[in-house]
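Asks: below are the sequence and a predicted model; questions follow.
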Amino acid sequence: MKKLALVFALAFVSATSFAQKSVMVGGAAMYPTKNIIENAVNSKDHTTLVAAVKAAGLVETLSSAGPFTVFAPTNEAFNKLPAGTVETLVKPENKGTLTSILTYHVVAGKLTAADIIAKIKAGRGKATMKTVQGETLTASLKGKHVILTDEKGGKAKVTIANVNQSNGVIHVIDTVLMPK
């Protein structure tokens, strides 16, 4: 039964990723002809992430050819952090810590949801991905949702998958992931 559900999930993800030219995120269309930054700045759900990327000096990197897979936390995900955390992280003296957290959400290469699910299946329920930051994220399935587990045991659910970009793909997540 689990295999049948996985096959169905793979078929659904593959069909939806090829059928859509643009995906709505945060009230704005995300166009596959634009890069990660060009699209992210239009999402009302990612204003905190965009501000953090700017503070960390990562705009140029995420505008480059890539490709990148970005697990993009929403504003609500950042709001789950203890009060004052974001304000502290965006201060110039904390740029290194902020950069480490943000690059922990990025994997080199373009991994679609189908790619991640295939890795989970090949890994018998789990797949590890090395982040640009250098540590790993572990992906698993809970029902039909991809769940990411960070190095500290925190979990994030992919809420919108396969937001294709000219330089990779974004998967929207509901929790900020933390490196060690």
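Replies: Received it, and whenever you're ready, just let me know what you need.
Asks: which stretches of the chain have low pLDDT?
Replies: Along the chain, the parts satisfying pLDDT under 70 run over 1-20.
Asks: phi, psi of the closest residue to Ile170 other than its chain neighbours?
Replies: Of all residues not flanking Ile170 in the chain, Val163 sits nearest, at 4.1 Å (CB to CB, 6 or more residues apart in numbering). (C-beta placed from N, C-alpha, C; glycine too.) The phi/psi pair for Val163 (degrees, to the nearest 10) reads phi -90, psi 90.
Asks: could you do Asn94 as well?
Replies: Dihedral angles (degrees, to the nearest 10) for Asn94: phi -110, psi 20.
Asks: I figured it hits Val86, correct?
Replies: No. Using CB atoms under 8 Å, Asn94 is not in contact with Val86, being 10.5 Å away.
Asks: show me which of those two is the more surrounded one.
Replies: Val86 (18 against 15; other CB atoms under 10 Å).
Asks: in the host helix or strand of the more buried one, what counts as buried?
Replies: Per DSSP states H and E, Val86 falls inside helix 85-89. By neighbour count with 16 or more other CB atoms under 10 Å, helix 85-89 contains the buried residues Val86, Leu89.
Asks: still on that earlier bit, if I look at the residue nearest to Ile170, how far off is Ser43?
Replies: 9 Å (CB to CB, to the nearest Å).
Asks: identify the contacts common to the two.
Replies: Common contacts of Val163 and Ser43 (CB atoms under 8 Å, 6 or more residues apart in numbering): Val25, Met30.
Asks: neighbours around the residue nearest to Leu141 when sequence neighbours are not counted, how many?
Replies: Distances taken as CB to CB, 6+ apart place Ile120 nearest to Leu141, at 5.7 Å, with adjacent residues excluded. Neighbourhood size, Ile120 [other CB under 10 Å]: 19.
Asks: tell me who's in contact with Ile120.
Replies: Lys126, Ala127, Ala139, Ser140, Leu141, Val146 are the contacts of Ile120 under CB under 8 Å, 6+ apart.
Asks: quick one, which of the residues you listed are buried?
Replies: For these, buried by 16+ other CB under 10 Å: Ala127, Ala139, Ser140, Leu141, Val146.
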